[in-house]
Structure formats: C-alpha cells, structure tokens
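Student: below: sequence and its predicted model.
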Amino acid sequence: MDVYCPDCGEDRVSEFGVNRRRKNGLQAKCKRCTRAQLNASRAKNRERRNSTARAWQAKNRDKAHAANRRWEEAHKDERREYHRKRNQDPKVRARRRELARLRRLADPEKYRARQAKQRERNREKIRIQAREQYKPHPIPGLIARIDARVERSQDGHWRWTGSRIRNLPMVQHERKQLSARRVLYEHVVGPVDADLEVAAVCGYRPCMRPSHLAVMTRTERRTLDANPFVKEPPAA
C-alpha cells in the first residue's frame with residue numbers, strides 16, 4: 001500500500017493512524033504530524049475551548065459535579081499519592097505560605113473572618129483531636145524548673161522570668177513547648193479540659209500565681225489580653 005505524509009514525507013504504513021472514512025483506511029498524515037497539528041490547534045484555540053467548557057459546566061452543573069465525583073472515586077488512591085508528594089515539595093509549601101501571607105496583607109478582616117468560620121465549622125473535630133493528643137503533665141522535675149523561673153514580688157504577683165511565646169509563659173519538656181501556667185495550675189488545682197486555656201485575671205500579664213489564674217476559652221483569653229488596661233512587665 002502506497003502512503004505518503006505531505007508534511008514530513010513519512011511512507012511507513014505503521015506510522016499512520018486508522019481512518020475508515022478514507023479509501024485506504026489510513027489517516028492523511030502520519031501520527032507525529034497529526035499530533036503536532038492537534039497540539040497547535042489546541043494552543044491556538046485554548047481560550048475558546050476553555051470558555052466553551054466553562055459555559056457547558058455552568059449549564060450542566062449537576063452533571064459536571066457528578067462526573068467529577070465519579071472520577072475522584074475511581075482515582076482515589078492516585079489523587080491521595082499525588083497530593084502527598086505535592087505537599088512534601090518545599091517549593092510548593094513555600095509558595096503556599098507566600099500566597100497566604102499576601103492574602104492576609106491584602107484583606108486582614110476577610111482572612112480573620114474566614115479563619116473564624118473554619119474554626120466554628122470544625123469546632124467539635126478540633127476538640128476531639130485536642131483531647132486525643134493532650135496528656136496532663138504532673139511532672140515533679142518540670143514543676144521545679146517552673147518554680148526556679150518564678151520571681152515573687154512584694155505586690156503579690158509571681159513574675160515569670162522564663163521564655164515566652166506570643167507573650168505567654170512557656171516551658172520546654174521533651175522537645176515540646178508547654179504552657180507553664182497550665183502545668184502549674186494542673187499541679188496545684190487539678191486537670192483542665194484540652195479545649196480550655198489558663199490565663200492570668202489579675203491584670204498583670206506575666207503573673208504565674210495560681211490564685212491569680214483562671215480557666216477560660218481561647219476567645220476569652222484573647223479578649224483579656226487585648227485589654228489596654230492590662231499591665232505590662234517592667235522594662236529590664
């Protein structure tokens with residue numbers, strides 16, 4: 001059978017695709033030239049193809065969602081492996097952090113509202129995870145370290161002189177940062193629920209005295225910290 005590709009001059013029958021509408025049953029061009037022509041046409045009409053696809057999806061939203069769900073269900077393991085590898089890519093993680101930072105700077109109120117909405121939607125899930133991961137820390141050696149970093153002043157406050165993270169007293173144990181107030185409060189008073197926090201209600205931020213501490217939610221603690229009348233520690 002005589003075949004000939006008008007673009008590249010290919011004449012081997014094995015390099016031509018099937019087209020039963022033609023007399024010889026083969027395509028007019030070889031596979032490589034046909035593929036190149038198809039790619040060029042797609043690149044030239046990409047915007048039109050995308051707009052057509054978006055219009056079809058908007059008109060057949062339920063059908064498109066059903067097709068997407070079927071595809072996701074059929075390729076569940078492949079998608080999970082793809083996202084796992086992608087999340088481990090340092091470039092992807094750095095780009096996501098940068099995009100999140102830009103979103104925060106562009107509209108801080110919208111970002112905070114979105115975070116609050118997500119916390120509210122996943123409140124019970126967050127509490128369950130916190131209860132599963134949390135363990136009380138009645139450790140005598142840890143209590144001694146906390147006591148060594150507490151300075152008892154004459155005005156009745158116990159000033160924390162150790163490290164602080166976001167203005168909260170912290171102590172390190174087994175390569176983890178623990179709330180010094182929570183550890184001391186649980187040692188003196190008793191266990192605290194995992195979704196609650198311990199804060200100073202005496203008006204002195206670095207105070208660690210158990211009688212000046214109280215259990216509250218994170219929102220209440222943030223409101224208390226935002227009080228402009230709360231005293232700051234004296235300058236060193």
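Tutor: Everything's here; your move.
Student: contacts, neighbours, all on C-alpha from now
Tutor: OK.
Student: would you map out the domains in this protein?
Tutor: As assigned by automatic domain parsing, the chain contains the domains 90-131, 137-225.
Student: can you put those domains in JSON lines and add mean pLDDT?
Tutor: Listed next are those as JSON lines, based on pLDDT from 0 to 100:
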{"stretch": "domain 90-131", "mean pLDDT": "83"}
{"stretch": "domain 137-225", "mean pLDDT": "84"}
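Student: please identify the most buried of those domains.
Tutor: Of the domains of the chain, the one with the most neighbours on average (mean count of other CA atoms under 10 Å) is domain 137-225, at a mean of 16.
Student: next one: it to chain centre, how far?
Tutor: 28 Å (CA atoms, centre = their mean, to the nearest Å).
Student: related to what we said a few turns ago, do you know which of the domains of the chain lies nearest Arg32?
Tutor: Comparison of the domains of the chain against Arg32 by CA to CA identifies domain 90-131 as nearest, at 34.3 Å.
Student: name the single longest helix found in the protein.
Tutor: Longest helix in the chain by number of residues (criterion: DSSP state H): helix 90-106.
Student: give the next helix or strand downstream of that helix.
Tutor: Next along the chain after helix 90-106, taking DSSP states H and E as the criterion, comes helix 108-121.
Student: relative to helix 90-106, how tilted is that next one?
Tutor: Using axes from the mean of the first three to the mean of the last three CA atoms, to 10 degrees, one finds that helix 108-121 and helix 90-106 are set 110 degrees apart in direction.
Student: just to revisit the earlier point, who's in contact with the longest helix of the chain?
Tutor: Arg86, Asn87, Tyr111 (CA atoms under 8 Å, 6 or more residues apart in numbering).
Student: can you dump the C-alpha coordinates of that helix into CSV?
Tutor: Output of helix 90-106 as CSV, limited to C-alpha atoms (Å, rounded to 0.1, in the frame of the first residue of the first chain):
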residue,chain,number,x,y,z
PRO,A,90,9.4,22.5,49.6
LYS,A,91,8.8,24.8,46.6
VAL,A,92,5.0,24.2,46.8
ARG,A,93,4.9,24.7,50.6
ALA,A,94,6.9,27.9,50.3
ARG,A,95,4.6,29.2,47.6
ARG,A,96,1.5,28.4,49.7
ARG,A,97,3.0,30.3,52.7
GLU,A,98,3.7,33.3,50.5
LEU,A,99,0.2,33.3,49.0
ALA,A,100,-1.3,33.0,52.5
ARG,A,101,0.8,35.9,53.6
LEU,A,102,-0.3,38.0,50.6
ARG,A,103,-3.9,37.2,51.3
ARG,A,104,-3.5,38.3,54.9
LEU,A,105,-1.9,41.6,53.9
ALA,A,106,-4.5,42.3,51.1
